[in-house]
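Novice: Show me the folded form of this:
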Amino acid sequence: MISAIDTCILLDVLLPDPVHLTASKALLDKAGAEGALLICEMVYAELACQFSTQYELDAFLEATGIRFTPSGRESLRKAADAWKVYLSRRDERLQCSSCGCLTRVNCPECGRVIVSPQHVASDFIIGAHSLTYANRLLTRDTGFYSAYFPGLRLND
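Specialist: Have a look, this model is predicted:
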């Protein structure tokens with residue numbers, strides 16, 4: 001079993017997040033016992049700011065057995081296809097990261113809808129990379145990934 005890891009899971013452990021640390025560590029431990037762990041270039045880049053040097057990040061990845069696997073053209077094409085679907089669906093609603101529900105949030109002062117770009121291309125690269133190179137993705141953002149990558153196994 002090959003498990004790709006989303007940045008949020010690693011940051012939960014590295015920073016330690018009081019809410020998500022235990023669950024994220026359990027996911028990592030279980031996945032590590034079941035097989036290989038890997039990350040793509042987007043996760044590598046997002047993690048890099050937590051380390052003073054590239055050497056420290058690479059040493060962390062080696063010590064934890066996490067392999068860096070760059071995306072290829074097939075994976076990037078899948079990311080582009082999912083990104084295109086996202087752009088065609090995007091409106092002023094925000095998406096719950098757990099269940100995928102879309103909702104509007106209004107400003108309590110003026111009543112206008114608050115709009116925020118929730119997802120960027122890196123999210124789609126992580127999802128497509130996982131679909132191409134792994135059997136599952138470890139993430140907290142299950143609502144998003146199940147909406148745009150329906151064939152991707154998450155956290156099981």
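Novice: can you tell me the average pLDDT over stretch 6-16?
Specialist: This predicted structure assigns stretch 6-16 an average pLDDT of 96.
Novice: again, but for stretch 104-115
Specialist: Computed over stretch 104-115, the average pLDDT equals 84.
Novice: Any idea how far apart the tips of that stretch sit?
Specialist: Across stretch 104-115, the terminal residues are separated by 8 Å (C-alpha to C-alpha, to the nearest Å).
Novice: go on, stretch 133-140?
Specialist: The straight-line separation of the ends of stretch 133-140 (C-alpha to C-alpha) is 19 Å.
Novice: Buried ones in stretch 37-57, by neighbour count?
Specialist: Taking 16 or more other C-beta atoms under 10 Å as the basis for neighbour counts, the residues of stretch 37-57 that come out buried are 37, 38, 39, 40, 42, 43, 44, 46, 47, 57. All C-beta spots, glycine's among them, are computed from the backbone N, C-alpha and C.
Novice: Now pLDDT too, for the residues you listed, in JSON lines please.
Specialist: Converted to JSON lines, the buried residues of stretch 37-57 look like this (pLDDT from 0 to 100):
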{"residue": "37", "pLDDT": "98"}
{"residue": "38", "pLDDT": "98"}
{"residue": "39", "pLDDT": "98"}
{"residue": "40", "pLDDT": "98"}
{"residue": "42", "pLDDT": "96"}
{"residue": "43", "pLDDT": "98"}
{"residue": "44", "pLDDT": "98"}
{"residue": "46", "pLDDT": "96"}
{"residue": "47", "pLDDT": "97"}
{"residue": "57", "pLDDT": "97"}
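Novice: which ones are touching residue 72?
Specialist: Under the criterion of C-beta atoms under 8 Å, 6 or more residues apart in numbering, the contact list for residue 72 reads residue 132.
Novice: Show me the shaky parts of this structure.
Specialist: Low-confidence regions of the chain, defined here as pLDDT under 70, cover residues 116-118.
Novice: So in it, which helix runs the longest?
Specialist: helix 73-89 (DSSP state H).
Novice: Which elements pack onto the next helix or strand after it?
Specialist: Once the chain leaves helix 73-89, the next helix or strand it forms, by DSSP states H and E, is strand 94-95. Identification of packing neighbours for strand 94-95 by 3 or more C-beta pairs under 8 Å, 6 or more residues apart in numbering; DSSP states H and E yields strand 102-103, helix 142-148.
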